[in-house]
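Trainee: sharing a model that was predicted from the sequence below.
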Amino acid sequence: MPFETNTRNTLIFLTIFILAFFPSAFHILIAPLSLPFDLLSAPFTPAKRVLPTCACCPPANCNSAPITQIPNTMSWFQKTLQLPSKSRGSYLITDEITKQLPELKNYKVGILHLFIQHTSCGLSLNENCDPDVRSDMSDALDRLAPEDRKGELYRHADEGLDDMPAHIKSALVGASVTVPITNGRLATGTWQGIWYLEFRSSKHARKVVATIQGEKGT
């Protein structure tokens, strides 16, 4: 029958046209037919439980144990020390420093920084045995920065002949020293000591700011 033949040909043409230009439509059309076969061929496995994500991830598990932070044992300590009043000279003050800083014993490892708050004296690390070394140091500094009795060397002379030389010596020597701390003790060398150098002729009261930074022992 011509009508039935034309209808069949038209359907075949449309099917070929759809498959040619819209191949994904073929999967949609046969999906209902293939569903029973997919169910029979699929392996039987239990469904996995998906854990919710949260701020404690990764991994995506909110039941993980909290992170325990290690306590920080680093510590800062500061103290102002008073040095014995001295006139011109170089003095070994290691024992005086440790006497006024019993807190040193609390530190397993660290740094001691000493800063003298004056401009006519200084601090240094040097020989701790023979006192002649300290006398020679004071004499050598006097030769480097002598007093200006003739008024030919310096402009500043308002505080006495020894004042400007004291400022020069202070700049040469420095106002601070840093010493490591090991197991509660100053880790100085066998022949090293902390010096306080006074550059004024008369006695002066001097203050030293001691700062300790390090790890305390447990």
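Mentor: Structure received. Numbering: from 1, shown residues only.

Trainee: just the strands from this structure, written as ranges.
Mentor: 74-86, 89-92, 107-116, 121-127, 176-182, 185-186, 192-198, 204-216 (DSSP state E).

Trainee: how about TSV for those strands, with mean pLDDT, distance to Met164 and mean neighbour count added?
Mentor: Where you see a C-beta, it was placed from the backbone N, CA and C, and this is true even at glycine. TSV is the format used below for the strands of the chain (pLDDT from 0 to 100; distance: least, C-beta to C-beta, whole Å; neighbours: other C-beta atoms under 10 Å):
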stretch	mean pLDDT	distance to Met164	mean neighbour count
strand 74-86	96	20	13
strand 89-92	98	19	18
strand 107-116	98	18	18
strand 121-127	98	14	19
strand 176-182	98	22	16
strand 185-186	98	34	14
strand 192-198	98	16	22
strand 204-216	97	16	17
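
Trainee: closest to Met137 out of these?
Mentor: Evaluated over the strands of the chain, closeness to Met137 peaks at strand 89-92, with 5.0 Å, by C-beta to C-beta.

Trainee: which other helices and strands contact that closest one?
Mentor: With contacts taken as 3 or more C-beta pairs under 8 Å, 6 or more residues apart in numbering; DSSP states H and E, strand 89-92 sits against helix 131-144, strand 192-198.

Trainee: now these as CSV including distance to Ala210?
Mentor: CSV is the format used below for the helices and strands packed on strand 89-92 (distance: least, C-beta to C-beta, whole Å):
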stretch, distance to Ala210
helix 131-144, 22
strand 192-198, 11
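
Trainee: which of the ones you listed sits closest to Thr98?
Mentor: Comparing the helices and strands packed on strand 89-92 by C-beta to C-beta, strand 192-198 comes nearest, at 9.2 Å.
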